[in-house]
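S.K.: Dropping the sequence and predicted coords here.
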Amino acid sequence: MSSTGSVKNYNPFKGFGFITGADGQDVFVHVSACNGMAPSAGDVVTYDVTMNDKTGKPNASNVQGCTGSADAAAKGGGKGAAGTGTCSGTVKSYNGEKGWGFVESNGQDFFLHVKNCNGGTPNCGDWLTFDVEDAGQGNGKLKAVNVTGCTGWPQKGKGKGDKGGYGGMWDGGKGDWGKGGGKSAGPYGGGKGDWGKGGGWSKGGW
């Protein structure tokens, strides 16, 4: 059954925004779901609500009533192409020397590696679109991929691959972002690191 709401905000260069429904719930909307048009703030629209299988968050689909042009979204934002990811969030932290950090979306943190960023490097506060997939650590944690919206210039040779870059960071590690001494692991370990002495990430939801 279709819902009715008002476009709360929309970024034409990144191609996404949010609709506030009659129940007060904000629903993510991407220009690709708007039947050839683009949302404008204040538009009263009808839409269907679908749940994102990966994040469990609501997305708007089959959106009708948009008054904007989709051409602006096609030009892209940040230093890459227009975002096609199904999720959006803000860069919470990023270590340029290591090449990784975290993006926060709806209260959940996702691991972010520069090699998964299209055409740029993250800066704290950047608003990104991305998809999520299993981080490959065997513990069900998720990472951001297909990331767009980064405002930093691409940097050659920054960061390591998924296996070597954050290896044991999820649990029991000793990385610069965690609590231990070494450089092999990261923010969710035990020890004393540059980014969280005595507690930090290791005692959080991860």
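M.R.: Perfect, I can see it now. Remember, predicted model here, so these are calculated numbers, not experimental data.

S.K.: any chance you could map the strands in the protein?
M.R.: 3-11, 16-21, 26-30, 37-38, 44-51, 58-64, 68-69, 87-95, 100-105, 108-113, 127-134, 142-148 (DSSP state E).

S.K.: Surely residue 40 and residue 63 touch.
M.R.: No: using CB atoms under 8 Å, residue 40 makes no contact with residue 63, being 12.0 Å away. In this view, the C-beta of every residue, glycine as well, is placed from N, C-alpha and C.

S.K.: if you count what's nearby, which of those two comes out ahead?
M.R.: residue 63 (26 against 16; other CB atoms under 10 Å).

S.K.: Quick one: residues contacting that one.
M.R.: Listed by CB atoms under 8 Å, 6 or more residues apart in numbering, the contact partners of residue 63 are 19, 29, 33-35, 39, 45-47.

S.K.: hmm, which of those residues are the buried ones?
M.R.: Among the contacts of residue 63, those classed as buried by 16 or more other CB atoms under 10 Å are 19, 29, 33-34, 39, 45, 47.

S.K.: who's in contact with stretch 4-12?
M.R.: 16-22, 26-27, 29, 38-47, 66, 68, 72-73, 77, 127.

S.K.: Just the buried residues of that stretch, please?
M.R.: Buried residues in stretch 4-12 (16+ other CB under 10 Å): 5, 7-8, 10-12.

S.K.: Kindly reformat those as a markdown table containing distance to residue 84.
M.R.: Shown next, in a markdown table, are the buried residues of stretch 4-12 (distance: CB to CB, whole Å):
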| residue | distance to residue 84 |
| --- | --- |
| 5 | 23 |
| 7 | 20 |
| 8 | 21 |
| 10 | 16 |
| 11 | 14 |
| 12 | 15 |
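
S.K.: In CSV: those, plus distance to residue 106 and pLDDT.
M.R.: Output for these, formatted as CSV (distance: CB to CB, whole Å; pLDDT from 0 to 100):
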residue, distance to residue 106, pLDDT
5, 17, 95
7, 19, 95
8, 15, 93
10, 18, 86
11, 17, 80
12, 22, 76
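
S.K.: which one of these is nearest residue 116?
M.R.: residue 11 (20.4 Å; CB to CB).

S.K.: Quickly list what that closest one is bridged to.
M.R.: residue 16 (DSSP bridges).
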